[in-house]
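**Q** Turn this into a model:
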Amino acid sequence: MDINFNKNEDYNKLLVSDLKRRFAKVKLGGGQKRIDKHHEKGKMTARERVDYLLDSKAKSIEIGAFAGEDMYAEHGGCPSGGVVVKMGYIKGKQCIVVANDATVKAGAWFPITGKKNLRAQEISIENRLPIIYLVDSAGVYLPMQDEIFPDKEHFGRIFRNNAVMSSMGITQISAVMGSCVAGGAYLPIMSDEALIVDKTASIFLAGSYLVKAAIGESIDNETLGGATTHCEISGVTDYKAKDDKDALDKIKFIVDKIGDYDKAGFSKTQSFEPNENQDDIFGILPKERNAQYDMLEIIKRLVDNSEFEQYKEGYGKTILTGYARIDGWAVGIIANQRKLVKTKKGEMQFGGVIYNDSADKSTRFIANCNQKKIPLVFLQDVTGFMVGSKSEHGGIIKDGAKMVNAVSNSVVPKFTIIIGNSYGAGNYAMCGKAYDPRLIVAWPSAELAVMSGNSAAKVLLQIETASLKKRGEEITPEKEKELFDKIKSRYDKQISPYYAAARIWTDGIINPLETRTWISMGIEAANHAPIEKKFNMGVLQV
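**A** Numbers count the residues shown, from 1 in each chain. Below you'll find the predicted structure:
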């Protein structure tokens, strides 16, 4: 191994160590003191409930673990968006589990909480996956009600989705394991079946204090909306559980009886590990953002037997396209090649840039995968489309538009892994969040932005210095450097993968060694939803 490999390896493993440290903090939710208080009430935490519910020896992935990171500081923060979402298996059946974390503001809904819940429902809808809600929430966080209550993608959309999912035949099961107040009371009752835990859980549109204030009636919460009331008097809930574990055991029993599903029919064979050492990824991936490396070497460490059959290998070389298997599932891979390549005409093309020919190749490959019903995997490390007179005269806008059109209209499931750069229109063409990937995750080495920190800071610096000069201020080299560093620091924070994950622009930040699991579980989930549309690119300039 050369010295650059060792430097890269050290750097990337430090990024993964930082990821693990941050995740350990997120897992504490509202903190150890609140966890202890939760246990004193005889309740399990959200994460304990999810882990108990899911099959212990099966794989699982967590969606949106870093939602809310460094947000709402003035309100005390909202770790993991105040809700835990995992895709895993219950009695061998793949499901989505959504659990309110009552250690975070009593499980109250912040704006990001709503967005994360909607993302969980979106995954359930796209993949026809059963969804389990473990409810323990005080409802909307009132100081921010204007940002969570009235709009289309706010709190009310959850209940609209409940209704739509029911009409689609998607199984929804709710367990009320704590507070379930006001509008939030509709979620479990709009599910197919609802459970409630005796003594520690309650459901009502208004609690005892509000009832007293509104109509003068004096009543305690347990009599108003406890388990006995709703299981024996109102009939609102279907099952009474004696404690959290009893409720979760009942869910396991119910899920175990769900029948088989219609399958999309994606190709699956025996799974094989890559022949190449997966740990080499850390040494191959460069520390410097503009450094060249061979994406083919990354692919070989992600696919079964390290076998990758390239499509149009000698054409459009700044994007690699080809067929492989990941954990036995057939996939079509579209990946940005990050090394300088030479065309047959002897011209050099920059790695990570999309040229006319690579856009054309990708469009044709996407069409082929749709015809063959092969899921698509996008490996992003892209700085954008090639600029300049030669590209413009060659019709780069038209070729780029064709690629974006193909990505937009693709009917096979798409999965996006952001490995390095994800800049500008390159993010769009390589299936960024706006293009409906079933799952989209970033490695710790990722950056998402209109352009790189250096480029953006230089542009913004020119604007800032011009403004200051107009006011008569003298810009010395020292002042210019100070301004540049300040601008770049602010911009670098915004392009961090954690900034994106906090806002659910991605479904998570993962250790590169977990990539195969995410793709495999994602395709298995997608196999629950038969493809009902035909691939059609509409009106296209050719």
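
**Q** May I see the buried residues of the worst-scoring helix or strand of the chain on mean pLDDT?
**A** The weakest-scoring helix or strand in the chain, judged by mean pLDDT, DSSP states H and E, is helix 453-470 (a mean of 78). Buried residues in helix 453-470, counted by 16 or more other Cβ atoms under 10 Å: 453, 456-457, 460-461, 464-465. No exception for glycine: its C-beta is placed from N, CA and C like everyone else's.

**Q** After that helix, which helix or strand is next? Please name it.
**A** The C-terminal neighbour of helix 453-470 among helices and strands, as given by DSSP states H and E, is helix 477-495.

**Q** Pick out the most distant pair among the buried residues of helix 453-470.
**A** Greatest spatial distance in the buried residues of helix 453-470: 453 and 465, 17.8 Å, computed using Cβ to Cβ.

**Q** Report pLDDT for residue 171.
**A** Looking at residue 171, its pLDDT reads 97.

**Q** Was I right to think it contacts residue 192?
**A** Yes. Taking contacts as Cβ atoms under 8 Å, residue 171 lies within contact range of residue 192: 6.0 Å.

**Q** Of the two, which one has the most company?
**A** residue 171 (22 against 16; other Cβ atoms under 10 Å).

**Q** Against residue 271, how distant is the more buried one?
**A** 27 Å (Cβ to Cβ, to the nearest Å).

**Q** do the same with residue 173
**A** Between residue 173 and residue 271 the distance is 30 Å, computed by Cβ to Cβ.

**Q** How about residue 99?
**A** 30 Å.

**Q** which residues touch the residue nearest to residue 354 when sequence neighbours are not counted?
**A** Computed as Cβ to Cβ, 6 or more residues apart in numbering, the closest residue to residue 354 that is not its neighbour in sequence is residue 385, at 4.8 Å. Contacts for residue 385 (Cβ atoms under 8 Å, 6 or more residues apart in numbering) come out as 353-355, 359, 391, 396, 400, 424-426, 429.

**Q** Kindly report the same for residue 154.
**A** Applying Cβ under 8 Å, 6+ apart, the residues contacting residue 154 are 111, 114, 147-148.

**Q** And the furthest pair within those residues?
**A** Spatially, the most separated pair among the contacts of residue 154 is 114 and 147, at 8.8 Å (Cβ to Cβ).

**Q** more neighbours, those two?
**A** Just comparing residue 114 and residue 147: by other Cβ under 10 Å the higher neighbour count belongs to residue 114, 24 against 15.

**Q** Of all the residues in whatever helix or strand that one lives in, which ones are buried?
**A** Counting by DSSP H and E, the element that carries residue 114 is helix 111-127. Buried positions in helix 111-127, judged by neighbour count with 16+ other Cβ under 10 Å: 111-121, 123-127.

**Q** Let me know the closest of the residues you listed to residue 157.
**A** residue 118 (5.9 Å).

**Q** Roughly how far does that closest one sit from residue 510?
**A** 22 Å.

**Q** Can you show me the helices along the stretch 251-400 of the chain?
**A** Taking DSSP state H, counting those that start in this stretch as the criterion, the stretch 251-400 of the chain carries its helices at 281-284, 295-299, 356-372, 389-393, 396-409.

**Q** Which of the ones you listed sits closest to residue 185?
**A** Minimum separation from residue 185 across those (Cβ to Cβ) falls at helix 396-409, 38.7 Å.

**Q** Can you give the distance of that closest one from its chain's centre?
**A** Taking Cα atoms, centre = their mean, to the nearest Å, the mean C-alpha location of helix 396-409 is offset from the chain mean by 24 Å.

**Q** Pull out the buried residues from that helix.
**A** In helix 396-409, counting by 16+ other Cβ under 10 Å, buried: 396, 399-409.

**Q** ok, so of those, who is nearest residue 364?
**A** Closest to residue 364, out of all of the buried residues of helix 396-409 and judged by Cβ to Cβ, is residue 406, at 8.4 Å.

**Q** For the residue nearest to that closest one when sequence neighbours are not counted, give me its contacts.
**A** Spatial nearest neighbour of residue 406, chain neighbours left out: residue 366 (4.1 Å); criterion: Cβ to Cβ, 6+ apart. Counting by Cβ under 8 Å, 6+ apart, residue 366 makes contact with 332, 334, 376, 403, 406-407, 410.

**Q** what separates residue 366 from residue 538, distance-wise?
**A** Residue 366 is 14 Å from residue 538, by Cβ to Cβ.

**Q** next one: residue 295
**A** Per Cβ to Cβ, residue 295 is found 31 Å from residue 538.

**Q** out of these two, which sits in the busier spot?
**A** Comparing residue 295 with residue 538 by other Cβ under 10 Å, the one with more neighbours is residue 295, at 24 against 7.

**Q** Could you pull up the residues touching the more buried one?
**A** 320, 335-339, 379, 381.

**Q** let's see it at 10 Å
**A** 284-285, 318-320, 333, 335-339, 351-352, 379, 381, 419-420 (Cβ atoms under 10 Å, 6 or more residues apart in numbering).

**Q** Give me the local confidence score for it.
**A** pLDDT, read off for residue 295, is 97.

**Q** shouldn't residue 35 be in contact with residue 29?
**A** Yes. Checked against Cβ atoms under 10 Å, the pair residue 35 and residue 29 is within contact range at 6.9 Å.

**Q** So these two - more neighbours on which side?
**A** Comparing residue 35 with residue 29 by other Cβ under 10 Å, the one with more neighbours is residue 29, at 24 against 18.

**Q** Touching, that one and residue 82? I think so.
**A** Yes. With contact taken as Cβ under 10 Å, residue 29 and residue 82 are classed as touching, separated by 8.0 Å.

**Q** ok, of the buried residues of helix 111-127, which one's closest to residue 328?
**A** For the buried residues of helix 111-127, the nearest to residue 328 is residue 127 (18.2 Å; Cβ to Cβ).

**Q** That closest one touches residue 121, doesn't it?
**A** No. Contact criterion Cβ under 10 Å: residue 127 and residue 121 do not qualify, at 11.1 Å.

**Q** For burial, what's the neighbour tally of residue 347?
**A** Counted with other Cβ under 10 Å, residues neighbouring residue 347 total 10.

**Q** And it, how close does it get to residue 403?
**A** Residue 347 sits 20 Å away from residue 403, taking Cβ to Cβ as the criterion.
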